[in-house]
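Enquirer: For reference, the sequence and a predicted model appear below.
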Amino acid sequence: MGILMAIGAVVLLPLAREYLEFRRSWGLGRVGALATTGLVLPAFAAGFALALPLAARPGLQWAATVAATLVAYSLAVRAVESAVEPAREPG
């Protein structure tokens with residue numbers, strides 16, 4: 001149980017901070033910030049799928065899953081940011 005709580009803290013706390021940043025800095029509403037933060041789920045699915053060939057080596061598979069998830073999530077968030085940026089510029 002303790003390990004699940006530790007993993008939850010390592011994963012959920014940064015996501016909660018991301019959500020708050022999307023709300024404050026990006027000016028997104030609740031739904032927009034939640035949807036942007038929720039991009040971590042398809043990013044994880046893509047990372048997991050990409051790492052499936054490494055199933056014989058679980059440690060390497062999870063490392064590859066985490067790395068691919070971070071890359072996919074970062075790319076997705078940057079795409080959202082570039083789409084939102086013109087609306088945030090004064091003018």
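Expert: Arrived safely, thanks for sending. Because the structure is a prediction, the values reported are computed rather than measured.

Enquirer: element containing Gln64?
Expert: Wrong residue type there; residue 64 is Ala, not Gln. helix 58-88 (DSSP states H and E).

Enquirer: give me every residue that touches the most centrally placed residue in the chain.
Expert: The residue lying closest to the centre of the chain (C-alpha atoms, centre = their mean) is Val40, at 3.2 Å. Applying C-beta atoms under 8 Å, 6 or more residues apart in numbering, we find Val40 in contact with Leu15, Thr69, Tyr73. Placement of C-beta: from N, CA and C, glycine included.

Enquirer: now the last one, nearest residue through space, not along the chain?
Expert: In this structure, Tyr73 finds its nearest non-sequential neighbour in Ala43, 3.9 Å apart by C-beta to C-beta, 6 or more residues apart in numbering.

Enquirer: Report how many residues lie close to Ala43.
Expert: For Ala43, the neighbour count with other C-beta atoms under 10 Å is 20.

Enquirer: doesn't Ala76 make contact with it?
Expert: Yes: assessed by C-beta atoms under 8 Å, Ala43 is found in contact with Ala76 at 6.2 Å.
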